[in-house]
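> everything below, folded, please.
(chains A, B, C and D)
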There are 2 protein chains.
Amino acid sequence: MSRASDRAFEAIRSMILSGELPAGAQVVEEALAEKCGVSRTPVRDALRRLESDLLVVRTDTQRSFVADWSLDDVADAFELRSILEAEAARRAADQMTDGALARIRAANRQIADAIMKPVPDVGGFLEGNREFHAVILEVAGSRRLASLLGTLIEQPVVWRTAHHYSREALYRSHSEHDELIAAFARRDGGWAKAIMTSHILRAYHAYAEAHGLTAEFQQAAE
Amino acid sequence: MSRASDRAFEAIRSMILSGELPAGAQVVEEALAEKCGVSRTPVRDALRRLESDLLVVRTDTQRSFVADWSLDDVADAFELRSILEAEAARRAADQMTDGALARIRAANRQIADAIMKPVPDVGGFLEGNREFHAVILEVAGSRRLASLLGTLIEQPVVWRTAHHYSREALYRSHSEHDELIAAFARRDGGWAKAIMTSHILRAYHAYAEAHGLTAEFQQAAE
DNA sequence: CCAGAGCTATTTGTATACATTATCCCCTCA
DNA sequence: TGAGGGGATAATGTATACAAATAGCTCTGG
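Numbers count the residues shown, from 1 in each chain, chains lettered A, B, ... in the order given. Prediction:
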């Protein structure tokens, strides 16, 4: 991570995820280069990567803009993610090891700790959640599947609204994870796939509900 | 396509697809730059794109090599492709227009013309096939889905062995397309999805069978 | 007042030189 | 003789200068 292009990638990505670079804003290589303290070369590199992650889009005329995620876009991304994560869960169940299962259980324990606190620790929840899904993907053992999902899991809108999830939504997510663990323990791929599909789609609906509440908030912030 | 980086991308990609750059070979920026008549900058650009298409892989130490597709890799790619193309077919059926349907029919007519010839015109078949699936993807109307499938459809091994498909396999592919057209005409998403799934998986098995026959041939050519 | 052409300013594309890093080979020393 | 270190080598990472292209503006002519 000491490479300038990696630093630029992380920096720009976090600017987009945090909303510092708002959706639709033009991204200019030289301005970002100065902001990141590097030259245009690594910034170009970073922008190409962000473009393949669909966080940045380029017009036919070679200018780049922060991707504008409509509600339909988010629905689309969640739907595709549900399909691919379900496939990952199915494969993972077939090849699950005891070691990996222990790591998955530990991740869900971290989630439990985070959401049990008087004030839910959203950061801890997100971190545990990331680990939970990452281990499943790892056990699924497909470089290609991991690469495809990679472009879907980092969604600016989701990150920005994760703090608005209700406590019940967090609890429900945790208990769905428990059910997934049970399916993995039984090496039941069909069950794991079904739970994962509904798990991701439910997360979308939680997002969509929260979004209605936060839309005016987001507008006010601009 | 007049951009130097686009030319470099196409040139290197075709070197890989044709086998001129064999699997596992190290790719060196400066050598390719000289070969393409451009500087290293656009070559770097092209290599990053090829890398995100999984045609080129980089070791942890930043050196790049032509991706080596094992039989398992190919099976994996086909399986994921069957899942995503099936989803595309389902969506396309729901939103099919008469104009798009006509284009799909025309593409399959081109395929019919190509395979009816005394000596099957494999190039014409591949072109018609590409158009057939491209229109479906277009009607499905998801930038994201198109982007995900983009990394799966250009497979060096498949391109190199397409010429070994049997005439029966080509006929069968054409008639499966006809069945897909019927499903689209009825706007039956479930049917279209099921046909597409088996269509892609069957293509994989045709490839796997042909692969056994052509393995020694490929070795002899090297 | 509108339309269109041309100019200017801005931004990206490309080339090249230099810096950094990793590999490989050789040489030394135990 | 084998292992470990150090230097040469080769490749990539980065910076910068310059070229090309595009958008937006202004100015002119109808």
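
> what does chain A have sitting close to DNA strand D?
By the rule CB under 7 Å from any atom of the strand, the part of chain A lying against DNA strand D is A:3-6, A:38-42, A:45, A:59, A:61-63. Every residue, glycine included, has its C-beta placed from N, CA and C.

> now list the buried members of the residues you listed.
Among those, those classed as buried by 16 or more other CB atoms under 10 Å in any protein chain shown are A:4-5, A:38, A:42, A:45.

> in TSV: those residues, plus secondary structure and pLDDT.
Written out in TSV, the entries for those read as follows (DSSP: H, G, I helix; E, B strand; the rest coil; pLDDT from 0 to 100):
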residue	secondary structure	pLDDT
A:4	helix	88
A:5	helix	92
A:38	coil	95
A:42	helix	96
A:45	helix	94
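
> out of the residues you listed, what pair is the most spread apart?
Checked with CB to CB, these reach their widest spread between A:38 and A:45, with 9.9 Å between them.

> one step back: in CSV: the buried ones among the residues of chain A next to DNA strand D, plus distance to DNA strand C.
Written out in CSV, the entries for these read as follows (distance: CB to the nearest atom of the strand, whole Å):
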residue, distance to DNA strand C
A:4, 10
A:5, 12
A:38, 12
A:42, 11
A:45, 11
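
> quick one: common contacting residues for residue A:38 and residue A:45?
A:5, A:8 (CB atoms under 8 Å, 6 or more residues apart in numbering or on different chains).

> now residue A:112. Nearest residue, chain neighbours left out?
Leaving aside its chain neighbours, residue A:112 sits nearest to residue A:174 (5.9 Å; criterion: CB to CB, 6 or more residues apart in numbering or on different chains).

> doesn't the one you found belong to a strand?
No - assessed by DSSP: H, G, I helix; E, B strand; the rest coil, residue A:174 does not belong to a strand; its assignment is helix.

> okay but it is in contact with residue A:115, surely?
Yes - counting by CB atoms under 8 Å, residue A:174 does reach residue A:115; the two are 6.3 Å apart.

> for chain A, what lies in contact range of chain B?
When proximity is defined by CB under 8 Å from any CB of the partner chain, chain A lies next to chain B at A:44-45, A:48-49, A:52, A:54, A:73, A:76-77, A:80, A:83-84, A:87, A:142-145, A:147-148, A:151-152.

> if you set the cut-off to 10 Å instead, what comes out?
By the rule CB under 10 Å from any CB of the partner chain, the part of chain A lying against chain B is A:3, A:41, A:44-45, A:48-49, A:51-54, A:57, A:62, A:67, A:72-73, A:76-77, A:79-81, A:83-84, A:86-87, A:91, A:141-145, A:147-152.

> any quick ChimeraX command for the buried ones out of those?
Buried residues within the residues of chain A next to chain B, as defined by 16+ other CB under 10 Å, are selected in ChimeraX through the command that follows:
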select /A:44,45,48,49,51,52,53,54,57,67,73,76,77,79,80,81,83,84,86,87,91,142,144,145,147,148,149,151,152
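
> how about the residues of chain A near DNA strand C?
Within chain A, the positions near DNA strand C by CB under 7 Å from any atom of the strand are A:2, A:26-30, A:40-41, A:44, A:62-64.

> inside strands: which ones of these?
With DSSP state E as the criterion, strands contain A:26-27, A:64 from among the residues of chain A next to DNA strand C.

> now those in a markdown table, with neighbour count and pLDDT?
Conversion of these to a markdown table gives the following (neighbours: other CB atoms under 10 Å in any protein chain shown; pLDDT from 0 to 100):
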| residue | neighbour count | pLDDT |
| --- | --- | --- |
| A:26 | 11 | 94 |
| A:27 | 22 | 95 |
| A:64 | 20 | 94 |
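
> helices of chain A, start to end?
A:4-18, A:29-36, A:40-52, A:71-94, A:98-116, A:122-140, A:143-153, A:156-161, A:167-185, A:189-221 (DSSP state H).
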